[in-house]
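Trainee: Need a 3D model of the following:
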Amino acid sequence: MFEKIFALNTEVEQTNTLRLRKGVIIGAGQVGLACAYSLLIQNCFDELVLQDINTKKVEGEVMDLLHGMSFIAPTELAAGTVADVGKDADIVIITAGAAQKPGETRLDLLGRNVAIYQNLLEDVVKHCPHAILLIVTNPVDIMTYVALKISGFPSSKVIGTGTVLDTSRFRSLLARRLNIDARSVQAYIIGEHGDSEVPVWSTANVAGRKLLSQDWENLDSEEREEFTAIFSQVKNAAYEIIHRKGYTSYAIGLAVTDIVEAIIRSQERILTVSGLVNGLYDIKDVCLGLPRVINEKGFYKTVNLDLSPREEKQLRLSANLLQDVFAQLKF
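Mentor: Presented below is the predicted three-dimensional model:
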């Protein structure tokens, strides 16, 4: 009956000459769904697949999202797996993992999440061999390294969300203090997405004007106390949010969307994603967050920040911490 509504043009070529953008999100918990919602309303993919071990729930989530399709740009949305409807995806976003509990550090999650990755990445490698892997699961730097080792993919194609969210928190808090738009602040958090992350105060600026009037060691106690308080809010933000609502979701969903847009639109954006470091700052064989240029091939170069000796030391300490944790896995 519905076919009678339209008169078909019989001269239309049956071969689709346009390359559709396809994404898969593995893990339809609070973070996965925040990613899906943000990606959908910002029209990032032509096809999006949600995969979760709880098939009944993910089917319901997809139904709910489908009912709002008349309000946004069209996207083919489906519940399924990379083995069926998710084959040959351009980007596979992995949010699957054990939930972080109040008072639990990101590193405490490690053992449970590695086992999850060992199971799910086998299908990803088989059915999406050319995809870029975007890792969101915490502890994200370790999980990015785990995904790199399990998948065997080139390091350029295995990216973690790294300190993209931490950098956004940093800029947002500084902007509120300065009463300006957060996009006008240039400041980075690098290293581990976690307790050993490093604020790069030495290059933080607004319109080229450095925020620090002099080196950190030479600041007066009042200035140092104020800057330290801002960074403490950044570092402890996730713990504070989890204490109040049980999880974080919205901001990381927006962060994932920013990274995806940089990839699929080949924007050459600089984002502090997590990826393999092999020699920069005398750091080798570890994944951590640094400002990297992102395009359709993943990340292909890293900005060599002019760090202060203090910041460089902190970064190496952060890398050593991650290496020590990974060594304990006997992976």
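Trainee: Quick check: D141 touching I283?
Mentor: No - using CB atoms under 8 Å, D141 is not in contact with I283, being 12.0 Å away. (C-beta placed from N, C-alpha, C; glycine too.)
Trainee: Between those two, which is the more surrounded one?
Mentor: D141 (33 against 20; other CB atoms under 10 Å).
Trainee: In contact with the more buried one, which residues are there?
Mentor: Contact analysis of D141 by CB atoms under 8 Å, 6 or more residues apart in numbering lists 160, 162, 192-194, 274, 286-289, 322.
Trainee: Tell me which of those fall in helices.
Mentor: Among the contacts of D141, DSSP state H puts L322 in helices.
Trainee: and D282, how many neighbours?
Mentor: Around D282 there are 10 residues (other CB under 10 Å).
Trainee: With G208 instead?
Mentor: 6.
Trainee: Next one: it relative to V185, how far apart?
Mentor: 12 Å (CB to CB, to the nearest Å).
Trainee: what does K4 give?
Mentor: 58 Å.
Trainee: same check, this time on A131
Mentor: 33 Å.
Trainee: residue ranges with poor pLDDT in the stretch 201-331 of the chain?
Mentor: 330-331 (pLDDT under 70).
Trainee: all helices for it, in order.
Mentor: Applying DSSP state H, counting those that start in this stretch to the stretch 201-331 of the chain gives helices spanning 221-235, 237-245, 250-264, 309-328.
Trainee: Check the stretch 51-200 of the chain too.
Mentor: 55-66, 110-127, 140-151, 164-178.
Trainee: Mean pLDDT for the ones you listed - can I get that in TSV?
Mentor: Output for those, formatted as TSV (pLDDT from 0 to 100):
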stretch	mean pLDDT
helix 55-66	97
helix 110-127	90
helix 140-151	96
helix 164-178	97
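Trainee: what's the closest non-adjacent residue to R112?
Mentor: Residue nearest to R112 in three dimensions, not counting chain neighbours: A98, with 4.2 Å by CB to CB, 6 or more residues apart in numbering.
Trainee: quick one, what contacts the residue lying closest to Q233 once chain neighbours are set aside?
Mentor: Leaving aside its sequence neighbours, Q233 sits nearest to L173 (CB to CB, 6+ apart; 5.8 Å). With contact taken as CB under 8 Å, 6+ apart, L173 is in contact with 230, 233-234.
Trainee: again, only using 10 Å
Mentor: 182, 185, 187, 229-231, 233-234, 237 (CB atoms under 10 Å, 6 or more residues apart in numbering).
Trainee: how about TSV for the residues you listed, with distance to V293 added?
Mentor: Converted to TSV, these look like this (distance: CB to CB, whole Å):
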residue	distance to V293
A182	21
V185	20
A187	18
A229	32
I230	27
F231	26
Q233	29
V234	24
A237	26
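Trainee: Buried subset of those as a ChimeraX selection?
Mentor: In ChimeraX, a selection of the buried entries from those looks like this (16 or more other CB atoms under 10 Å):
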select :182,185,187,230,231,234,237
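Trainee: between the contacts of L173, which is closest to W216?
Mentor: F231 (11.2 Å; CB to CB).
Trainee: my read: that closest one touches D195, true?
Mentor: No - with contact defined as CB atoms under 10 Å, F231 does not reach D195; the gap is 11.9 Å.
Trainee: gap between the two ends of stretch 295-313?
Mentor: 30 Å (CA to CA, to the nearest Å).
Trainee: what does stretch 304-322 rub up against?
Mentor: 107, 139, 141-142, 145, 188, 190-203, 212, 215-217, 274, 277, 280-291.
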